[in-house]
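Engineer: got a predicted model here, sequence first, then my questions.
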Amino acid sequence: MQQHSVNAYTAIHKEALSGRELEASVLSRAGLMLKGVKDNWGAPDRDQKLLEAVKFNQKVWSFFQAELSDPENPLPKNLREDILNLSIFIDKRLFEVLAFPDPEKLSIVIDIDFNIAAGLRTNPE
């Protein structure tokens, strides 16, 4: 019953968010998932939590890649290319973390997720 309430709240919350706010929220969640794994590296369910966090991050960044690859995307070309290059870096880092797990390898992706989210939350002038 409680999970149903959480799902209903999440659905309503998503509907109320603008595109930028939704992207910021998703990136924050992605960063928090990775941070949770990093902060609890010795947990017995670490491998499962790491895989979930990495998969979620990969989905988020794959979505950005698809959106930014669209020629109709309204962002300036240089910005799109910079974010696409960043997403390629993140993909490589996440695969590296899965192949050779190390909590410190998560730090850069966590920082990127949180910093991009913070940037999306600021009002463009």
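Structural biologist: Everything's here; your move.

Engineer: going forward, measure contacts and count neighbours with C-alpha atoms only.
Structural biologist: Will do.

Engineer: list the buried residues for the host helix or strand of residue 58?
Structural biologist: Take DSSP states H and E as the rule and residue 58 turns out to sit in helix 46-69. Across helix 46-69, burial judged by 16 or more other CA atoms under 10 Å covers 49-54, 56-58, 60-62, 64-65, 68.

Engineer: same check on stretch 75-90?
Structural biologist: Residues of stretch 75-90 classed as buried: 80, 83-84, 86-87, 90 (neighbour count, 16+ other CA under 10 Å).

Engineer: what comes into contact with it?
Structural biologist: 61-62, 64-65, 68-69, 109 (CA atoms under 8 Å, 6 or more residues apart in numbering).

Engineer: switch to 10 Å and redo it
Structural biologist: 57-58, 60-62, 64-71, 73-74, 91-94, 96, 106, 108-109, 112-113, 116 (CA atoms under 10 Å, 6 or more residues apart in numbering).

Engineer: angles on the backbone of residue 35, please.
Structural biologist: Backbone torsions of residue 35, given as degrees, to the nearest 10, read phi -60, psi -40.

Engineer: which ones are touching it?
Structural biologist: By CA under 10 Å, 6+ apart, the contact set of residue 35 is 29, 41, 50, 53, 103, 106-107, 109-111.

Engineer: let me have the residues you listed in CSV, extended by distance to residue 20 and secondary structure.
Structural biologist: Listed next are the contacts of residue 35 as CSV, based on distance: CA to CA, whole Å; DSSP: H, G, I helix; E, B strand; the rest coil:
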residue, distance to residue 20, secondary structure
29, 14, helix
41, 31, coil
50, 26, helix
53, 21, helix
103, 29, helix
106, 24, helix
107, 24, helix
109, 19, helix
110, 19, helix
111, 18, helix
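
Engineer: which two in the buried residues of stretch 75-90 are spaced the farthest apart?
Structural biologist: 80 and 90 (15.2 Å; CA to CA).

Engineer: select only the buried ones of the contacts of residue 35 in ChimeraX?
Structural biologist: Buried members of the contacts of residue 35, defined by 16+ other CA under 10 Å, are picked up in ChimeraX with:
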select :29,41,50,53,103,106,109,110
